[in-house]
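Trainee: any chance you could fold what I've pasted below:
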Amino acid sequence: MAFGIFWFMSSQAVEKRKEALASMCDERARMLNDQFNVSMNHIQAMSVLIATFHHGKNPSAIDQRTFASYTERTAFERPLTSGVAYAARVLHSEREQFEIQQGWTIKRMDSVEQTPVHKDEYDPADLEPSPVQEEYAPVIFAQDTVAHIISIDVLSGKEDSENVLRARESGKGVLTAPFRLLKTNRLGVILTFAVYKRDLPSCATISERIEATAGYFGGIFDVESLVEKLLQQLASKQVILVNVYDTTNLSNPISMYGSNILNDGMSHVSALNFGDPFRKHEMHCRFKLKPPWPWGAITTSSGILVIALLIGQIFHATMNRIAKVEDDYHEMMELKKRAEAADVAKSQFLATVSHEIRTPMNGVLGMLHMLMDTDLDETQEDYVRTAQESGKALVSLINEVLDQAKIESGRLELEAVCFDLRAILDDVLSLFSGKSQEKGIELAVYVSDKVPAALVGDPGRFRQIITNLMGNSIKFTEKGHIYVTVHLVEEAVNLMELEMESPSNSTFSGLPVADRWRSCAGFKAFSREESVPTFSSSLTDQVNLIVSVEDTGQGIPLEAQSRVFTPFMQVVPSITRTHGGTGIGLSISRCLVHLMKGEIGFASLPQIGSTFTFTAVFTRGCSNVNDQRSQQINNQLKFISLEFQEMRALLVDPRPTRAKVSVYHIERLGIRVEVVRDLDNGFFSKNTENSPPNMVFIEQEIWDKDLALSTLFVNKLRSLNCTVTPKLFLLSGTISSTRAIGSSVFTPSVIMKPLRASLLTASLQHSMGIRNRGNHRNGELHTLSLRNLLRGRKILVVDDNLVNLRVATGALKKYGADVVHAERGKEAISLLTPPHHFDACFMDIQMPEMDGFEATKRIRDMESSINNRIHIGELSLEAYRNISTWHIPILAMTADVIQATNEECLKYEMDGYVSKPFEAEQLYREVSRFFQTSSNENPMTDVLFDADCVTSMSPSPVPRVTLES
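Mentor: Residues are numbered from 1 along each chain as shown. As a prediction, the model looks like this:
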């Protein structure tokens, strides 16, 4: 084995030595070729110069002095040439005149003795005249280094004559065989180009080329000097010997350069190409020194024995290691299986918990919804609404956990439906109004007038973000305010610039707050690289909103701010115990903001407060199927404003920011508002004197500040010369403070804050005696359009839960539908076997014996079979009510929001998907996709809603409907 390794390594060393020799030899051959080609190109260029300025000019622009000077100055461009010369073509008939013109006799070349001589010993006059012949080629121009060849006839030499004649016949550069140069006696070659009187085509014949020949331009190459210069450039690598041969005659190659030093027999041959295809040249390379001893092979083979002795121990250790790795691998695989099983179990647990909680919650919310349709007094209605909101809050908490699971699995997607952003914010205000009143903190929302009334996006997810941010503010704020603002991004950019130019310390409650512009300082929308027109909502249908939630709470400690958006992380453990919460609300909010193509950030100061800001991208208005919803939203606001059109109001509030919010909500009802800072200024307004207001809104703190002044104000208000005394309203934020008002001299009507459209509408209607048009309970429509849509429709509801059956049945019967219910999938198959008279079916997914997916699959298979048999004529069309294609719309109902996805519904050919708990309007919206409203119905009556309907009909995150048709 050691001998084999020694032989192998020695062979490898020899091969590497051969490869190194070949590489070095090829490198030298390539460099020699490149340098020769550069000089050859310059010689050819000079031949063109001779043709242009000597033969192309009359008289010639070149003489020997000019030629010698030019060639001497440009010699650096031809470092490989010993000199250049030009020989003119002279016919015998022109010889005498030529010699007289030149002043010398054409000399013969082959009579010169080829012996090394010094220049000062050489006399061209000693040369014999050239013998008589048909033509001559005497040198007329020569570089100073070879000026001794002037007057010599290059055709008188055998080698040069062949070279010249071949050059003019081919039109290319040709090389001579190696010969001893005059004066130096060193081996060299001459590269010759023919100079023509005129330009010749590439296909010119030999006779045409001979006739057009004017002379011959040649460059003399000292091959030995050429190779020596090349090797000097590689002096650091001179470990090889180089020989250059002319191998035109393979049987008798001519050595052009080289030595006869002995070598180890290893050699390499590299081909040379000097541009003349007739002449062949090669470079032979060999190492100077003999190869060294293969010490690597010797030492390696010697160490084999030692290695062999250690192999046993190494093999034993390796086997032990392999066994340990295999054990670790099996352990890791077992842990992986456990982790996967735990993940599946988590998803199943979440699905089960969701189903088990949502199912009874669907009954609770459904029954509360139906209870709202009964005759209730204001107190009872308030209790029912509170119960509804609490139930929705519970489901919202479940949704947070489920959303986190969806985020981790990458299955969270957004809807694109039409919605009213202001109505959603009113809903959120209603949700937190009770808590804010208990804690005595101000809660307010302001939406810029530039924000469109109707947007397209995911209203449920938008509401979820706002709810999470406001919920955190409510938990951690004990005094002051929580203030939500909504602007367009380009509008916010202008506001930020204005506030930077003229900063104001005015806040909603008067307490200091964290700078909201710091919370969005890193947003791309505010970077100087981004152009504001990109976010201009007026140029495109895209609406870029920026929303800020400002509070005066305890703030976030600096050390905890880096982990605010980390899932399941609390600021400090004590907060978890004090305030509770899952710690995933902000994480989910950030994910939702990113899905809305926005950004989220915050600024927080301990013991001052926090401001969270995010951006979101929506679409302006609605299109296609959402046009009616957009029209409904616009008409809702128009209907509300009609009741208070042309009315005027006076608002007394010393705080500009708070007054701006109150004006925003009052003007939503179509009322014109004038603002004064205190009661003293209330009647000094010119507008008040000329045109008394219909109503006066006073902040509760101004009213309680000086009861005597308040009484005086009321007396002046009563003394106004007007038909109807203006109604007086106090804006109060706490229940305890409103009770104190009752002990004052005059008790005005109290409107509890936070302000919102539905609350203001109800309060004004009640106090001003405006009749409430129609039945406004639970957002019921003014007209019977919904009844016209569903009246006479036969709908099958399949659910094994009796409570869910009652909720769905009651919701549909409310609009005049004929509802039939079934408790099992097999019963549904029987009822939906064609021919039947059902118009739609709501199918629960999780049922005993046969789930909704399997029941739907069998119904579709049955319909497909009957349709095919009808089409081929096996079944009579009349027997099936003259319906050739049977397909009943089937919508899935389930509380399992993880497993029952849209993809699964589509897989089993369901037509829609409704998650529990649901409301009557959700059921209606689903069924209405398949039904048409009666043709005689006035379409405008579909969009008239009362004030409460603005709130209740707005989309909410719970329940959430996802549909694919």
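
Trainee: grab the nearest non-local neighbour of Asp426.
Mentor: Leaving aside its chain neighbours, Asp426 sits nearest to Arg756 (4.0 Å; criterion: CB to CB, 6 or more residues apart in numbering). Quick note: C-beta positions are derived from backbone N, CA and C, even for glycine.

Trainee: now that neighbour: how far from Asn882?
Mentor: Distance, Arg756 to Asn882, using CB to CB, to the nearest Å: 53 Å.

Trainee: count the neighbours of Leu760 for me.
Mentor: Number of residues near Leu760 (other CB atoms under 10 Å) recorded here: 22.

Trainee: if we can go back for a sec, which of Arg756 and Asn882 has more neighbours?
Mentor: Just comparing Arg756 and Asn882: by other CB under 10 Å the higher neighbour count belongs to Arg756, 24 against 9.

Trainee: contacting residues for that one?
Mentor: Residues in contact with Arg756, defined by CB atoms under 8 Å, 6 or more residues apart in numbering, are Asp426, Leu429, Ser430, Val445, His665, Thr951.

Trainee: lowest pLDDT pick from the residues you listed?
Mentor: Ranked by pLDDT, the contacts of Arg756 bottom out at Thr951 (30).

Trainee: what's the helix or strand containing Ile210 packed up against?
Mentor: According to DSSP states H and E, Ile210 maps onto helix 206-212. Using 3 or more CB pairs under 8 Å, 6 or more residues apart in numbering; DSSP states H and E, the elements in contact with helix 206-212 are helix 158-170, strand 187-196.

Trainee: now the longest one, how far from the chain's geometric center?
Mentor: Offset of helix 158-170 from its chain centre (CA atoms, centre = their mean, to the nearest Å): 70 Å.

Trainee: so for that helix, mean pLDDT?
Mentor: For helix 158-170, the per-residue pLDDT averages 84.

Trainee: strand 187-196 and that one, what's the angle between them?
Mentor: Using axes from the mean of the first three to the mean of the last three CA atoms, to 10 degrees, the inter-axis angle of helix 158-170 relative to strand 187-196 is 40 degrees.

Trainee: output the contacting helices and strands for helix 158-170.
Mentor: By 3+ CB pairs under 8 Å, 6+ apart, helix 158-170 packs against strand 174-175, strand 187-196, helix 206-212, strand 213-222.

Trainee: now the ones you listed as a markdown table including mean neighbour count and mean pLDDT?
Mentor: Converted to a markdown table, the helices and strands packed on helix 158-170 look like this (neighbours: other CB atoms under 10 Å; pLDDT from 0 to 100):
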| stretch | mean neighbour count | mean pLDDT |
| --- | --- | --- |
| strand 174-175 | 24 | 89 |
| strand 187-196 | 24 | 88 |
| helix 206-212 | 13 | 90 |
| strand 213-222 | 24 | 90 |
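
Trainee: looking at those, which is closest to Ile671?
Mentor: Each of these has some distance to Ile671 by CB to CB; the shortest is strand 187-196, at 102.3 Å.

Trainee: can you tell me the strand partners of the closest one and which way each runs?
Mentor: Strand 187-196 has the following sheet partners, assigned by DSSP bridges: strand 174-175 (antiparallel), strand 179-180 (antiparallel), strand 213-222 (antiparallel).

Trainee: now those in JSON lines, please, with extra columns for distance to Gln554.
Mentor: Output for the strands paired with strand 187-196, formatted as JSON lines (distance: least, CB to CB, whole Å):
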{"stretch": "strand 174-175", "distance to Gln554": "96"}
{"stretch": "strand 179-180", "distance to Gln554": "104"}
{"stretch": "strand 213-222", "distance to Gln554": "93"}
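
Trainee: turn the helices and strands packed on helix 206-212 into a markdown table, columns for distance to Phe476.
Mentor: Output for these, formatted as a markdown table (distance: least, CB to CB, whole Å):
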| stretch | distance to Phe476 |
| --- | --- |
| helix 158-170 | 97 |
| strand 187-196 | 93 |
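
Trainee: for Asn801, find the nearest of the ones you listed.
Mentor: Taking the helices and strands packed on helix 206-212 one by one with CB to CB, helix 158-170 is closest: 102.8 Å.

Trainee: ok, how many other residues are close to Glu874?
Mentor: Neighbours of Glu874 under the rule other CB under 10 Å: 9.

Trainee: could you look up the SS state of it?
Mentor: The three-state assignment at Glu874 reads coil, by DSSP: H, G, I helix; E, B strand; the rest coil.

Trainee: measure it to Asn867 for me?
Mentor: The span separating Glu874 from Asn867 equals 11 Å under the rule CB to CB.

Trainee: same deal with Phe842?
Mentor: Look at Phe842 and Asn867: by CB to CB, they are 23 Å apart.

Trainee: what of Ser763?
Mentor: 59 Å.

Trainee: what does Glu854 give?
Mentor: Separation of Glu854 from Asn867 (CB to CB) stands at 20 Å.

Trainee: how about stretch 808-817: buried residues?
Mentor: Across stretch 808-817, burial judged by 16 or more other CB atoms under 10 Å covers Ala808, Thr809, Gly810, Ala811, Leu812, Lys814, Tyr815, Ala817.

Trainee: tell me the pLDDT at Thr793?
Mentor: Quick fix: residue 793 is Arg, not Thr. Per the predicted model, pLDDT is 86 at Arg793.

Trainee: what is the neighbour count of it?
Mentor: 18.

Trainee: and it, how close does it get to Thr833?
Mentor: From Arg793 to Thr833 the distance is 19 Å (CB to CB).

Trainee: quick one: what helix or strand has Val675 in it?
Mentor: Element membership for Val675 (DSSP H and E) is strand 672-676.

Trainee: helices or strands up against that strand?
Mentor: In terms of contacts (3+ CB pairs under 8 Å, 6+ apart), strand 672-676 is packed against strand 648-652, helix 656-667.

Trainee: give me the residues contacting stretch 157-176.
Mentor: With CB under 8 Å, 6+ apart as the test, stretch 157-176 has contacts from 40, 43-44, 87, 109-110, 137, 154-155, 177, 179, 189-194, 196, 200, 204, 206, 209-210, 213, 216, 274-276, 278-279.

Trainee: swap in stretch 587-600?
Mentor: With contact meaning CB under 8 Å, 6+ apart, stretch 587-600 is reached by 400, 403-404, 407, 412-414, 457-458, 461-462, 464-465, 468-469, 520, 522-525, 565-568, 612-618.

Trainee: for Phe697, give the beta-bridge partners.
Mentor: With DSSP bridges as the rule, Phe697 is bridged to Leu651, Phe729.

Trainee: in the stretch 751-900 of the chain, which spans are helices?
Mentor: 757-768, 785-790, 802-813, 825-831, 852-871 (DSSP state H, counting those that start in this stretch).

Trainee: quick one: closest of these to Asp541.
Mentor: helix 757-768 (25.8 Å).

Trainee: out of the contacts of Arg756, which is nearest to Val244?
Mentor: Distance to Val244 across the contacts of Arg756 (CB to CB) is lowest for Val445, with 94.0 Å.

Trainee: relative to Val661, how far out is the closest one?
Mentor: On the measure of CB to CB, Val445 and Val661 end up 7 Å apart.

Trainee: need the overlap of contacts for these two.
Mentor: In contact with both Val445 and Val661: Tyr483, using CB under 8 Å, 6+ apart.

Trainee: report the helix or strand with the lowest average pLDDT across the chain.
Mentor: Ranked by mean pLDDT, DSSP states H and E, the weakest helix or strand in the chain is helix 947-952, scoring a mean of 31.

Trainee: for Ala75, which residues are in contact?
Mentor: So Ala75 contacts Thr81, Gln143 (CB under 8 Å, 6+ apart).
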